[in-house]
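In: Predicted model and sequence follow; I will ask about them next.
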Amino acid sequence: MSHNAAEFLASLDQDWAKLVSAIGPYLPTPQASHDPFEALIRAVAYQQLHGKAAAAILQRLLLQFDGQFPSAAALLAIDPELLRSCGFSRRKAATILGLAQAQLDGIIPAREQALLMEDKQLITSLSSLPGIGPWSVEMLLMHNLGRPDILPVTDFGVRDGYRRLKGWTQMPSPRELQQLGLAWSPHRSAAAWYLWRVPRQATGDESRD
């Protein structure tokens, strides 16, 4: 499947062919050990943050629980200010506690159940939770459940990756990227993976991510 995705994208046009050649094989790393509850909290940590900063916040959270990811009950039992001390914003702390309550209430499906649900069904049901938008659920679908045809059109890195791939001065809007991505189906998750990795030298662009 990974080999087919790379071949498919490389066949789209010369820019995609050069990108696939430069990056190499498509090597997704599904985080199957994370249940949807944990995956959503990790996605919340990464919302609008650089990856290194989010990883550091998550590491501080785990240290509060002896290096283990906390259960929903454990999160609800702590002082909310502990989440703030880890680096979560007030809004993200409230979102995490809301997710913990939703987990206890049985709103967040177990992994076995989630695997049986359609992409749109999961996005619709989970993005109704406070602080959880489609992007967070898309990260769950891509990185945890291994869904092959997810395109997070609001993701800055994906949009800017396409801008640099094509040498554009402006990023495509989410609506434009949605239309562009139709040609990348059924391998849109792989397309996003490659766009996150567009090298700056591919276009000579030196602007920041």
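Out: The structure has been received and is ready for your questions. Treat the numbers as computed from the prediction; the structure is a model and nothing was measured.
In: residues touching the spatially most central residue of the chain, list them.
Out: What sits nearest the mean C-alpha location of the chain, by CA atoms, centre = their mean, is residue 139, with 2.8 Å. Taking CB atoms under 8 Å, 6 or more residues apart in numbering, we find residue 139 in contact with 39, 42, 43, 46, 152. All C-beta spots, glycine's among them, are computed from the backbone N, C-alpha and C.
In: Specify the residue ranges that define each domain of the protein.
Out: 2-28+151-202, 36-144 (automatic domain parsing).
In: Any chance of a markdown table for the ones you listed, columns mean pLDDT?
Out: Formatted as a markdown table, these follow (pLDDT from 0 to 100):
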| stretch | mean pLDDT |
| --- | --- |
| domain 2-28+151-202 | 94 |
| domain 36-144 | 95 |
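In: Mind jotting down where the helices sit in this structure?
Out: 2-10, 14-23, 36-46, 51-63, 72-77, 80-86, 90-104, 111-114, 119-126, 134-139, 156-166, 174-181, 188-195 (DSSP state H).
In: quick one, what contacts the nearest residue to residue 29 once chain neighbours are set aside?
Out: Closest residue to residue 29 apart from its sequence neighbours, by CB to CB, 6 or more residues apart in numbering: residue 143 at 7.6 Å. Residues in contact with residue 143, defined by CB under 8 Å, 6+ apart, are 28, 29, 30, 31, 39.
In: Same list (the contacts of residue 139) but as a markdown table, adding neighbour count and distance to residue 24.
Out: Listed next are the contacts of residue 139 as a markdown table, based on neighbours: other CB atoms under 10 Å; distance: CB to CB, whole Å:
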| residue | neighbour count | distance to residue 24 |
| --- | --- | --- |
| 39 | 23 | 26 |
| 42 | 21 | 26 |
| 43 | 22 | 26 |
| 46 | 17 | 24 |
| 152 | 25 | 22 |
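In: Nearest to residue 74 among those?
Out: residue 42 (15.9 Å; CB to CB).
In: From residue 143, how far off is the closest residue to the closest one other than its chain neighbours?
Out: Nearest residue to residue 42, sequence neighbours excluded (CB to CB, 6+ apart): residue 58, at 6.4 Å. Here residue 58 is placed at a distance of 14 Å from residue 143 (CB to CB, to the nearest Å).
In: can you check residue 121 too?
Out: From residue 121 to residue 143 the distance is 18 Å (CB to CB).
In: Equivalent analysis for residue 10, please.
Out: Taking CB to CB, one finds residue 10 at 23 Å from residue 143.
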